[in-house]
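>>> here is a sequence with its predicted model. Questions after.
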Amino acid sequence: MLKEGGMEKINFSGGEPFLHDRGEFVGKLVQFCKQDLELPSVSIVSNGSLIRKQWFQKYGEYLDILAISCDSFDEDVNVLIGRHQGKKNHVENLHKLRQWCREYAVAFKINSVINRFNVEEDMNEQIKALNPVRWKVFQCLLIEGENSGEDALREAEKFVISDEDFDRFLDRHKDVSCLVPESNQKMRDSYLILDEYMRFLNCRNGRKEPSKSILDVGLEAAIKFSGFDEKMFLKRGGKYVWSKADMKLDW
């Protein structure tokens, strides 16, 4: 239904897409979207902790972009943020995933959420060494109901930074050519987000308000309640060369 409605790019995120069935489920989704639907771009956002080389061997040819969440190159900061992966070093794993993307011709992307614990960090050297096709830099955004528990929103507030703090971080990294910044305003209105029930999630009011499912009312009726701002989508650079067939890269 989405393809018939004009969808060109699909991105699987979570939670953690590789959590279920060792990545087989998301792998089959990726293969279907590329092979059967023939979408120009299929991508995944992951923390990288559960991805194995065997997955690339089986499904890498169908994936255009793999985005890995990396909020810091300091393991102590990753512990504070919650990116710690037990005995596995998050930064070392990031470099391993970068190499696998080269081997299997998958475009490599990094997503970083800038918050109180990493806002003063200088990531220039590490990002340039990893050389992603895009480095998405998000300003920490509070979404009501995003985390469970009565105190979730209050706990999340300790991560929030001001617009001025975010601008200082961006200025410190202005020479990184692949940098794509996203402020709170840009994030809130410029994504088409579907949940597991195929409902669009409208974030305009600071919480994820679901539409009716496209399986019940169809795509056209459901998308009216998505809160999607096409102008903001274009302004934030949402449309770019997103098919690896069109990318001229030194993998």
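Thanks, I have the structure now.

>>> against Ser69, how distant is Lys96?
15 Å (Cβ to Cβ, to the nearest Å). Any C-beta I mention is one placed from the backbone N, CA and C, and that applies to glycine too.

>>> between the two, which has more neighbouring residues?
Taking other Cβ atoms under 10 Å, Lys96 and Ser69 do not tie; Ser69 has more neighbours (21 against 14).

>>> I figured that one hits Val45, correct?
Yes - using Cβ atoms under 8 Å, Ser69 is in contact with Val45, at 6.6 Å.

>>> mind listing the shared neighbours of those two?
When contacts are counted by Cβ atoms under 8 Å, 6 or more residues apart in numbering, Ser69 and Val45 have Asn111 as shared neighbours.

>>> show me the shaky parts of the stretch 151-251 of the chain.
Where the stretch 151-251 of the chain drops to pLDDT under 70, the residues are 151-156, 187-188, 249-251.

>>> which stretches of it form helices?
Using DSSP state H, counting those that start in this stretch, the helices found in the stretch 151-251 of the chain span residues 152-156, 163-172, 184-189, 214-217, 219-223, 230-235.

>>> most tightly surrounded among the ones you listed?
Highest mean neighbour count among the helices of the stretch 151-251 of the chain (mean count of other Cβ atoms under 10 Å): helix 184-189, with a mean of 18.

>>> from Asn89, how far off is the closest residue to Lys88 other than its chain neighbours?
Leaving aside its sequence neighbours, Lys88 sits nearest to Ser49 (Cβ to Cβ, 6 or more residues apart in numbering; 6.3 Å). Ser49 sits 11 Å away from Asn89 when distances are taken as Cβ to Cβ.

>>> tell me which of these two has more neighbours.
A direct count of neighbours by other Cβ under 10 Å for Ser49 and Asn89 places Ser49 higher, at 18 against 14.

>>> now do the contacts for the more buried one.
Glu16, Phe18, Gln85, Lys88, His90, Asn93.

>>> which ones among these map onto helices?
His90, Asn93 (DSSP state H).

>>> turn the contacts of Ser49 into a markdown table, columns for neighbour count and distance to Ile223.
Formatted as a markdown table, those follow (neighbours: other Cβ atoms under 10 Å; distance: Cβ to Cβ, whole Å):
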| residue | neighbour count | distance to Ile223 |
| --- | --- | --- |
| Glu16 | 16 | 27 |
| Phe18 | 23 | 28 |
| Gln85 | 16 | 37 |
| Lys88 | 11 | 40 |
| His90 | 24 | 36 |
| Asn93 | 17 | 37 |
